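[1] Give me a 3D structure for the following:
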Amino acid sequence: MTTDSHKKGTELRAALMGPASLASMDKTAHSGLGMQRFSDLTRRTIFGTLWQRDGIDLKLRTLICVVTDVAMGVDDELAIHLEMALRQGWTEVELVETILHAGSYVGIPRARQGVLIADKTFAKLREGKQEQAPSS
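    Numbers count the residues shown, from 1 in each chain. Take a look at the predicted model:
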């Protein structure tokens with residue numbers, strides 16, 4: 001069932017993630033009945049409602065996601081949210097410093113893992129940009 005919040009969530013999700021990440025996530029979202037239902041729920045409630053609220057901007061919301069991912073040790077989500085944060089204007093240095101700062105409160109092993117994921121994510125994104133660049 002497509003609702004207004006589902007439509008808004010789908011549009012915002014696409015804007016936050018970019019075409020390459022979106023295609024990959026859509027493939028996962030259609031991998032089975034459970035993931036289809038999960039995708040529908042998150043589009044409506046997370047992206048269609050929560051991310052649409054007034055009070056803080058999308059840039060800050062992405063940084064909050066990075067911090068909570070580090071705190072919870074969810075590597076796959078961290079990679080997604082790091083890419084979203086970069087697309088919202090955070091720099092690689094700002095994101096690494098955020099992870100290091102969070103590590104002082106949630107644990108150095110979590111910060112170490114977060115930095116490893118960040119370095120891998122940043123390198124992957126740089127590779128993708130080089131592949132897309134026109135050759136002279």
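[2] nearest residue to the residue nearest the centre of the chain other than its sequence neighbours?
    Central residue of the chain (C-alpha atoms, centre = their mean): residue 81, 2.2 Å from the mean position. Counting by C-beta to C-beta, 6 or more residues apart in numbering, residue 81 lies nearest to residue 65, which is 3.9 Å off, once chain neighbours are set aside. Any C-beta I mention is one placed from the backbone N, CA and C, and that applies to glycine too.
[3] Looking at the helix or strand harbouring that neighbour now, give me its mean pLDDT.
    If you go by DSSP states H and E, residue 65 is part of helix 58-72. Averaged over helix 58-72, pLDDT sits at 98.
[4] Lowest mean pLDDT among the helices and strands of this structure, which one is it?
    Lowest on mean pLDDT, DSSP states H and E among the helices and strands of the chain sits helix 4-29, with a mean of 82.
[5] What does residue 74 show for phi and psi?
    phi -100, psi 90 (degrees, to the nearest 10).
[6] Next up, the contacts around it.
    By C-beta atoms under 8 Å, 6 or more residues apart in numbering, the contact list for residue 74 is empty.
[7] 10 Å - rerun?
    65, 68, 80, 81, 117 (C-beta atoms under 10 Å, 6 or more residues apart in numbering).
[8] quick one: which two of the residues you listed are the most distant?
    Across the contacts of residue 74, the longest distance by C-beta to C-beta is 13.9 Å; it joins 68 and 117.
[9] any residues in contact with both of these two?
    Shared contacts of residue 68 and residue 117, counting by C-beta under 10 Å, 6+ apart, come down to 74, 77, 78.
[10] just to revisit the earlier point, mind putting the contacts of residue 74 into TSV with distance to residue 92?
    TSV is the format used below for those (distance: C-beta to C-beta, whole Å):
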residue	distance to residue 92
65	16
68	19
80	16
81	14
117	13
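[11] wait, which of those residues is closest to residue 96?
    Nearest to residue 96, judged by C-beta to C-beta, of the contacts of residue 74 is residue 117 at 10.7 Å.
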